Every structure is written in C-alpha cells, then in structure tokens.
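Asks: Give me the fold of what follows.
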Amino acid sequence: MPDPIVTLENLTYTYPQRETAALAGVSLRVPAGELVVVAGPSGSGKSTLLRCLNGLVPHFTGGRIQGTVIVAGYDAIAAGPATMSSLVGFVTQNPEAQAVLDRVEPEVAFALENAAVPPAVMRRQVPAILEHLDLLPLRDRRLDELSGGERQRVALATALVRKPAVLVLDEPTSQLDPLAAETLMAWLASLRRDWE
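Replies: Model (predicted):
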C-alpha cells in the first residue's frame, strides 16, 4: 500500500458550547491518488471532518480537538489554514458563497494572487487550469451568468490552480441536477487520471 497522503488517528472534535462530539475517535488512512467518498446522513460530521484536513477546524471554529490529522506530511491542527490552504484544495458545499470576485478568470487567479505567486507563473497556471476544465470559453463571463455545473467547475479550478496535494469537495453534487452531477464526476475521474 502506498504511503498515506491523509492520516487521521483517534480524531475527536467538539464544537464550542456543545456536549456531544461532532467527531468521535475517527481513524483512517488515505493513500495518495485515491478517490474517497465520505458518506452519511446530514449532521453526521462529514463537513467537520473535511474542514479538519485544511485546518479550518479548530482554528476558525474554536472547540476542543484531540487526535492526529496529518495531510501531505503536515500536522493540520498545528499548521492551521494559512499553511494547509496550499496543500488542500477545498470546494465548499455552496460554490456561490466561496467566490470572491465576479468573473471567471480573476476568480481563479485570486488564489494565486493571495499566495503572492509571481505574475509570470500566474499567466501560465490560470489558462492551463481553465483549459483543463473546459472553462477557457467562459474566462470573461460573470459568475452569476453561469450554470450550476459551470460554477462548480470554476470552484474546482480555483481549488486546483495552486496544485494542492489533496483535493476536498464538500457535497459537490448537492446543488446539481443529475446530468450536471454526472458530468462533474466525469471531470473528477479525468483529473485523477491526468494528475497521477
């Protein structure tokens, strides 16, 4: 088995002002290159678990955390979101809420600008990821003019443009119709093949 890219050991997390843990004793290992689905009913802790991988939990949420979260060789709990954002590409449940700017290309470029990536590198990476996700024809479009599937691909491009070690999508098909959901899953499968 290849070395794990994600290792959780006895992860327990409780939100502030809560008695019951949102996560209790979670342990798992994810080998590099694996596609993993975290499934469960609403309120079962899926989003909380995913936010532990990029350090948002507990750094932005507060609360009590115990156990180990290692992602790409980094202790996500100790490192926090500033470090983990370059290692973990994250797409939230609601891509509209994740957007910072109003047009496709500047939105994708923002992640690189925020990380102080040199302009020459940005000029290569942004068009490359737009092309890979078939977004070049939409590069000048306003985000509010895009379909749900197109918005999801823009959010995916924003998460991938920094070339993270791990890509995390929180309920990526929840706001998509069945055809758009199937298309998104095909994009993810092709990304996995192309990036291995």
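
Asks: From Leu23, how far out is Arg64?
Replies: Going from Arg64 to Leu23 by Cβ to Cβ, to the nearest Å gives 11 Å. For glycine as for every other residue, the C-beta is placed from the backbone atoms N, C-alpha and C.

Asks: Scan the protein for its longest strand.
Replies: strand 4-14 (DSSP state E).

Asks: which other helices and strands contact that one?
Replies: strand 23-31, helix 46-53, strand 64-71 (3 or more Cβ pairs under 8 Å, 6 or more residues apart in numbering; DSSP states H and E).

Asks: Show me the shaky parts of this protein.
Replies: 1-2, 194-196 (pLDDT under 70).

Asks: how about the strands in it?
Replies: Under DSSP E, the chain gives strands at 4-14, 23-31, 64-71, 74-75, 88-91, 166-169.

Asks: which of the helices and strands packed on strand 4-14 is buried the deepest?
Replies: Highest mean neighbour count among those (mean count of other Cβ atoms under 10 Å): helix 46-53, with a mean of 22.

Asks: Can you name every helix or strand that that one contacts?
Replies: For helix 46-53, the packing partners by 3+ Cβ pairs under 8 Å, 6+ apart come out as strand 4-14, strand 23-31, strand 64-71, helix 76-84, strand 88-91, strand 166-169.

Asks: okay, these in CSV with distance to Ser47 next?
Replies: Output for the helices and strands packed on helix 46-53, formatted as CSV (distance: least, Cβ to Cβ, whole Å):
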stretch, distance to Ser47
strand 4-14, 12
strand 23-31, 11
strand 64-71, 15
helix 76-84, 15
strand 88-91, 11
strand 166-169, 10
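
Asks: closest to Val154 out of those?
Replies: Proximity to Val154 (Cβ to Cβ) singles out strand 88-91 among these, at 9.8 Å.

Asks: And the contacts of that closest one?
Replies: Applying Cβ atoms under 8 Å, 6 or more residues apart in numbering, the contact partners of strand 88-91 are 50, 53-54, 71-72, 76, 98, 152, 155-156, 158-160, 162, 164-170, 172.

Asks: Starting from Val38, give me the distance back to Ser47.
Replies: Counting by Cβ to Cβ - Ser47 and Val38 are separated by 9 Å.

Asks: and Leu133, what does it touch?
Replies: Per Cβ under 8 Å, 6+ apart, neighbours of Leu133: Arg153, Leu156, Ala157, Leu160, Trp187.

Asks: hmm, which of the residues you listed are the buried ones?
Replies: Arg153, Leu156, Ala157, Leu160, Trp187 (16 or more other Cβ atoms under 10 Å).

Asks: follow-up on the earlier one: nearest to Arg141 among the helices and strands packed on helix 46-53 would be which one?
Replies: strand 88-91 (18.9 Å).

Asks: chain center to that closest one: distance?
Replies: Distance of strand 88-91 from the chain centroid (Cα atoms, centre = their mean, to the nearest Å) equals 2 Å.

Asks: Would you check that Lys46 makes contact with Asp170?
Replies: Yes: the pair Lys46 / Asp170 is scored as a contact, 7.4 Å apart, by Cβ atoms under 8 Å.
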